[in-house]
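Asks: following is a predicted model, sequence given first.
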Amino acid sequence: MQKSIKRIFDFIFALLALIALMPLWIVIAVWILVTSPGGIFFRQKRTGYNGNVFELLKFRSMYINDEADEEQSTEHDRRITAVGRMLRRTSLDELPQLINVLKGDMSIIGPRPHMLKHTEYYSKLIPDYMRRHEMRPGLTGLAQVKGFRGPTPRVEDMAKRVEADLEYIDKFSLWLDMKIFFLTIWKMLTFRL
């Protein structure tokens, strides 16, 4: 029952957010197009619910490059545009994932989806890694509000993220989703996500 309510909330929230944020989308889209050649969106295949592959959307925050599907970004990555740096800092680059939520590929709250390469690599190194896919991936999750976001240069960094993801799955409730949702908003407003 809770998972059905979660899906209904996801759909309604994503639809209303898309409508309300459309003026911001237009500003970001124009800003991206004016400041760097290439399209507005970055598309990347990610591992989703039950291990199914889907195409994740983001606002493009990097110059077009051949390493985007292979190499995780770093803090001072030269591939990131000036606009992209601001979008990433405020997590506004993630807004197009509301479309993924509407389509049912993602949820508002859940484990963040990883690149296919990372799924293949870390599933061999971290016990229970594949359990992350027992729920739809989210725009944000327990790992992110606990501070486990961004680059994972060491296996231990990813292991901490996975541990938080599995804690979320094991303790899932609508109350926990609301707590994560409001913590995410707070961190976005204070630029601490």
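Replies: Noted; the coordinates are in hand.

Asks: contacts only, for Phe41.
Replies: For Phe41, the contacting residues are Leu57, Lys58, Phe59, Arg60, Pro96, by Cβ atoms under 8 Å, 6 or more residues apart in numbering. Quick note: C-beta positions are derived from backbone N, CA and C, even for glycine.

Asks: okay, those in CSV with secondary structure next?
Replies: Below are the contacts of Phe41 laid out as CSV (DSSP: H, G, I helix; E, B strand; the rest coil):
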residue, secondary structure
Leu57, strand
Lys58, strand
Phe59, strand
Arg60, coil
Pro96, coil
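
Asks: neighbour-wise, which one of those leads?
Replies: The residue in the contacts of Phe41 with the most neighbours, by other Cβ atoms under 10 Å, is Arg60 (25 neighbours).

Asks: in the sheet, who's paired with the closest residue to it other than its chain neighbours?
Replies: Of all residues not flanking Arg60 in the chain, Phe42 sits nearest, at 4.4 Å (Cβ to Cβ, 6 or more residues apart in numbering). Phe42 has these beta-bridge partners by DSSP bridges: Lys58.

Asks: state the distance from Phe42 to Leu125.
Replies: Between Phe42 and Leu125 the distance is 27 Å, computed by Cβ to Cβ, to the nearest Å.

Asks: quick one, which of the two is more surrounded?
Replies: Using other Cβ under 10 Å as the criterion, Phe42 and Leu125 rank with Phe42 on top: 19 against 11.

Asks: in contact with the spatially most central residue of the chain, which residues?
Replies: Residue closest to the mean C-alpha point of the chain, counted by Cα atoms, centre = their mean, is Leu139 at 4.4 Å. Leu139 sits next to Glu94, Gln97, Leu98, Val101, Met106, Ser107, Ile108, Ile109 when contact means Cβ under 8 Å, 6+ apart.
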